[in-house]
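**Student:** Need coordinates for the below:
(2 chains)
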Amino acid sequence: MDILANVALGLGTALTPANLFYSFAGVTLGMLVGVLPGIGAMAAISMLFPLTFYIDPTSAIIMLAGIYYGTSYGGSTASILLNLPGEPSAAVTALDGYPMAQNGRAGTALMITALASFFGGSIGIVLMMLFSPAIAAAALQFGAWEYCALMILGLVASSAISDGSLAKSLAMVVLGILFGTVGIDIYSGVYRFQMGVPELRDGISLVAFAMGLFGFAEVISSVRGAAHGAPRIQSVTMREMLPTRDDMRRFLGPALRGTALGSALGALPGTGPTIASFMAYMAEKRVAKEPERFGKGAIEGVIAPESANNSAGQTAFIPTFALGIPGTATMAIMLSALMMQGINPGPSMMTDRPEMFWGLVMSFWIGNLLLLVLNIPLVGIWVRLLSVPYGVLYPAILLFVCIGVYSVKNSIFDIWLALGFGLLGYGMRLARLPVAPMVLGIVLGPLLEENFRRGMLLSRGDIMGIFDRPISASVMAVSGLLLLWGLWRGLRDRRRAVARAEGS
Amino acid sequence: MRNMDYTDVVAGALLALIGIAASGYSFAHYDLGTLLTMGPGMFPFALGLILAGFGLIIALPAVLRSGSLPNVEWRALLFTFAAVSVFALTVERIGLIPSAILMSVLSVLADRRGTLKRMAGLAVVLPILASAIFIYGLGVPLDLVAWGR
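**Tutor:** Okay, here's the model as predicted:
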């Protein structure tokens, strides 16, 4: 079958020495930033973004992807050992992972995390291999309205499912799209919101945008809170890492359930690893025979979210590459890295650039295997890394972000732009306005506008045209349901808060 | 606790203002076109109105709700701002090494617990690291040192 031919083609690309090196570099860096709290996947990917101009696009995307899924492996280490999640997607792991460490089972928790991550990641990759071609083939028939509807679904889902106020998330989506309109209008050639600044002709630099929001803003809000000096961390030996037979008996169920939830949520535009890990934990607690063990070091509470966030991390590539619609903010940045190289992700990528697509998929296998190796025997190194104080790290982050932003177009203006977005991002943090929907908005905005205007032309200025076609109509219906669910959830939470306030 | 959730009132009001400004600017400067053939102004005009709507939805209920003010890390904010600004102002004029030294010093000040030892160490290590990675490794066209330009 041609899947075998594709696998062979992919292996041929992924196993070249250069690509092996970039895969290794990517996952190692991912592990590193995942382990270190206060610097996340977004900041790391946008910081290394400029690097991709200097290397082959396939190698570049292999490395960026490695950073992305590497962080979900690394993020759990700090969660388990310090109760400080290195990544948002690993926050849930701390709930049971940290109590396990306190009970002297840190080694087992780390080992089981690596195994669960590998399990979830592997199944996610298999799903990606099986479904992406079919989805891409179907997507070749999609017209402007279908794309429009899918993008609306992604934007709505990212707002409805994130925690916090629905109005705030949606406002951030709209603000993001608005930022996306800056620059030349492709239909009329008019420069919009350029304000006499020549650098804004091509729009707001996404690197400056992301680095300001995730680099500068993150530093400003972490400097004070971060623990200083070396925290006390127990050393972990290989012997302690071996799970007991009881642990292994408990492994399969939570891993399968976590993976199933994670894969589904990852493939949906707008939802990603963080939500997947939360939902998997809640689900596991619900099906558990002894739910009271959760929060006190239940190993299932580590297995389920870790397999969920890694499978979601892999299946998130399905909409990104098969449809060209990124599901999460991080995917949005990866997508724009590809577009800057002149590659348009989307249904035609699999036929136009099969070596790139399948090479990337095969590099996931290599990367996941590397991560397993990096995790288990080398755990001591990662544990020691946790004792690097943030006070030494953040000046380096600031400097590298500055040079990184500058180097994209050798433009000082972009540093100022990033600084502006850093201040905006810090203000948004203070006001509890979520950043991720805004990033999705700025990336999807121009695509949304283009398809919306084309759709309006096709249906003669009738906005209801989006409901005339079966696929776009059903996708819009799903978006509508998600919105209602988000509204209902918001009302329920408010009622509970009021009840609690009155009860106390 | 304050008798009004000032954070959300201010955030919502600012969002509403940005929305109105974007709509107004689009209306005044760009062709809106018709729904069939939309001009460059239509999309941002509509987005601005929607944003203003959400801003009001955030701000209005917050007026009736009590809330607490967030803690602003003024020191971190100020020195991060200063460090990045100084870098942006100087790097093309005096070169990467001196600019990175200035930046290291200023950014260590952002942390109340930063020590002189740390400042000195970073001021030596960071410029070397940055030059090695970005100038020698990636060929970013910046001078190492460029006095008097």
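**Student:** Now the longest helix seen in chain B - C-alpha only, PDB.
**Tutor:** Across chain B, the longest stretch assigned as helix under DSSP state H is helix B:6-29. Presented in PDB, the C-alpha positions along helix B:6-29 are these (Å, rounded to 0.1, in the frame of the first residue of the first chain):
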ATOM      1  CA  TYR B   6     -11.800  48.200  38.600                       C
ATOM      2  CA  THR B   7      -9.500  45.800  36.700                       C
ATOM      3  CA  ASP B   8     -12.400  44.600  34.500                       C
ATOM      4  CA  VAL B   9     -14.000  48.000  34.200                       C
ATOM      5  CA  VAL B  10     -10.700  49.500  32.900                       C
ATOM      6  CA  ALA B  11      -9.800  46.500  30.700                       C
ATOM      7  CA  GLY B  12     -13.300  46.400  29.200                       C
ATOM      8  CA  ALA B  13     -13.400  50.200  28.700                       C
ATOM      9  CA  LEU B  14     -10.000  50.100  27.000                       C
ATOM     10  CA  LEU B  15     -11.000  47.300  24.700                       C
ATOM     11  CA  ALA B  16     -14.200  49.200  23.800                       C
ATOM     12  CA  LEU B  17     -12.200  52.300  23.100                       C
ATOM     13  CA  ILE B  18      -9.700  50.400  20.800                       C
ATOM     14  CA  GLY B  19     -12.700  48.900  19.000                       C
ATOM     15  CA  ILE B  20     -14.400  52.300  18.500                       C
ATOM     16  CA  ALA B  21     -11.100  53.800  17.400                       C
ATOM     17  CA  ALA B  22     -10.400  51.000  14.900                       C
ATOM     18  CA  SER B  23     -14.000  51.300  13.500                       C
ATOM     19  CA  GLY B  24     -13.900  55.000  13.200                       C
ATOM     20  CA  TYR B  25     -10.400  55.000  11.600                       C
ATOM     21  CA  SER B  26     -11.500  52.400   9.000                       C
ATOM     22  CA  PHE B  27     -14.700  54.300   8.300                       C
ATOM     23  CA  ALA B  28     -12.900  57.600   7.800                       C
ATOM     24  CA  HIS B  29      -9.900  56.300   5.800                       C
END
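**Student:** Quick check: buried residues in the strand or helix carrying A:Leu9?
**Tutor:** According to DSSP states H and E, A:Leu9 maps onto helix A:2-14. By 16 or more other CB atoms under 10 Å in any protein chain shown, the buried positions in helix A:2-14 come out as A:Asn6, A:Val7, A:Leu9, A:Gly10, A:Leu11, A:Thr13, A:Ala14. No exception for glycine: its C-beta is placed from N, CA and C like everyone else's.
**Student:** Which is the succeeding secondary structure element to that helix?
**Tutor:** helix A:17-35.
**Student:** what's the following helix or strand after that next one?
**Tutor:** Note on helix A:17-35: by DSSP H and E, the next helix or strand toward the C-terminus is helix A:41-48.
**Student:** for chain B, which spans come out with low pLDDT?
**Tutor:** In the predicted model, chain B carries pLDDT under 70 at residues B:1-2, B:148-149.
**Student:** Now tabulate the buried residues of helix A:2-14 in TSV and tack on pLDDT and distance to chain B.
**Tutor:** Supplementary listing: the buried residues of helix A:2-14 in TSV, determined by pLDDT from 0 to 100; distance: CB to the nearest CB, whole Å:
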residue	pLDDT	distance to chain B
A:Asn6	83	33
A:Val7	84	34
A:Leu9	85	30
A:Gly10	85	28
A:Leu11	86	29
A:Thr13	84	24
A:Ala14	83	24
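**Student:** Give me the helices and strands touching the longest helix of chain B, please.
**Tutor:** helix A:166-180, helix B:42-63 (3 or more CB pairs under 8 Å, 6 or more residues apart in numbering or on different chains; DSSP states H and E).
**Student:** and A:Phe452, what does it touch?
**Tutor:** A:Phe452 makes contact with A:Ala144, A:Cys148, B:Phe43, according to CB atoms under 8 Å, 6 or more residues apart in numbering or on different chains.
**Student:** Give me the distance between it and B:Ala22.
**Tutor:** 17 Å (CB to CB, to the nearest Å).
**Student:** same check, this time on A:Arg489
**Tutor:** Note on A:Arg489: its distance to B:Ala22, by CB to CB, is 29 Å.
**Student:** Between those two, which is the more surrounded one?
**Tutor:** Taking other CB atoms under 10 Å in any protein chain shown, A:Arg489 and B:Ala22 do not tie; B:Ala22 has more neighbours (24 against 14).
**Student:** Grab the nearest non-local neighbour of the more buried one.
**Tutor:** Spatial nearest neighbour of B:Ala22, chain neighbours left out: B:Gly48 (3.6 Å); criterion: CB to CB, 6 or more residues apart in numbering or on different chains.
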